[in-house]
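**Student:** predicted structure and sequence below. I'll ask about it afterward.
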Amino acid sequence: MYAYIKGVIAERNDQQLVVENNGIGYLINCPLGISAVIGGIGDNVTVYLYQSVKEDDISLYGFASRDQKEMFLKLITVSGVGPKVAHTICASLSAEQIAAAVMSGNVSLLSSVKGLGKKTAEKIIVELKDKLKSQLGGATSVSSTPVAMAAASSGDTGIMQDAVGALLVLGYKDQEAADAVAGAYEDGIGLEDLIRKALKIASGKKFS
């Protein structure tokens, strides 16, 4: 299993890119929605990878960040959502947009992704929220956890609780999620912006 690759972008089209490392070109599935963020031909880049292994195919899927890859890994746990569909979602929406949609139940945003129907969007929201509840030890809601309540004590309770839940969906531990959200919160901030700022804080601590 590959974690990431560092190298030079040698080729790129609408759906794939080739990253050359030590004289070997790695063909990576990576639509423009992701590869444009990673860089252009000739750039030295880091591409985060997921390797899909099937009986008749071995493929690499590329991501611009760890959080984007983590969201992809969460999406493919949803029944009926395979790597291609999950990759399309990640290429169309940012990790924070997807996390915010899950926490707020925004079916219309998810179903705006080309090829993603309303039923699948609803399934993503339901199943990822169920996984979150399981992660929280069977709590009936994110707001019922001590960590979320502590994070919300200094600001807008609802939005901070949802932001904590979004970071948990992305794989962060409860305390680091709460600390990041508390550090990112400011009066009047929207859910998506709060998640984006909290992710910067949390990922900076996690991978520094």
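**Tutor:** Looks like it arrived, so ask away.

**Student:** for the chain, which spans come out with low pLDDT?
**Tutor:** Low-confidence segments of the chain (pLDDT under 70): 132-156, 204-208.

**Student:** 90 instead?
**Tutor:** 1-2, 54-57, 67, 94-97, 99-105, 115, 128-192, 195-196, 199-200, 202-208 (pLDDT under 90).

**Student:** that one: helices as residue ranges?
**Tutor:** 32-38, 66-75, 83-92, 95-104, 107-111, 118-135, 146-152, 157-169, 174-184, 191-206 (DSSP state H).

**Student:** other SSEs contacting the third one?
**Tutor:** Applying 3 or more C-beta pairs under 8 Å, 6 or more residues apart in numbering; DSSP states H and E, one finds that helix 83-92 contacts helix 32-38, strand 57-63, helix 66-75. (Each C-beta comes from the backbone N, C-alpha and C, glycine too.)

**Student:** deepest of the ones you listed, which one?
**Tutor:** helix 66-75 (a mean of 22; mean count of other C-beta atoms under 10 Å).

**Student:** hmm, who's touching that one?
**Tutor:** Where contact means C-beta atoms under 8 Å, 6 or more residues apart in numbering, the residues beyond helix 66-75 that reach it are 34, 48-50, 61, 63, 81, 83, 85-87, 89-90, 94-95, 98-99, 124, 128, 131, 169-171, 199, 203, 207.

**Student:** stretch 121-131 now?
**Tutor:** Contacts for stretch 121-131 (C-beta under 8 Å, 6+ apart): 74-75, 77-81, 101-103, 105-107, 110-111, 113, 169.
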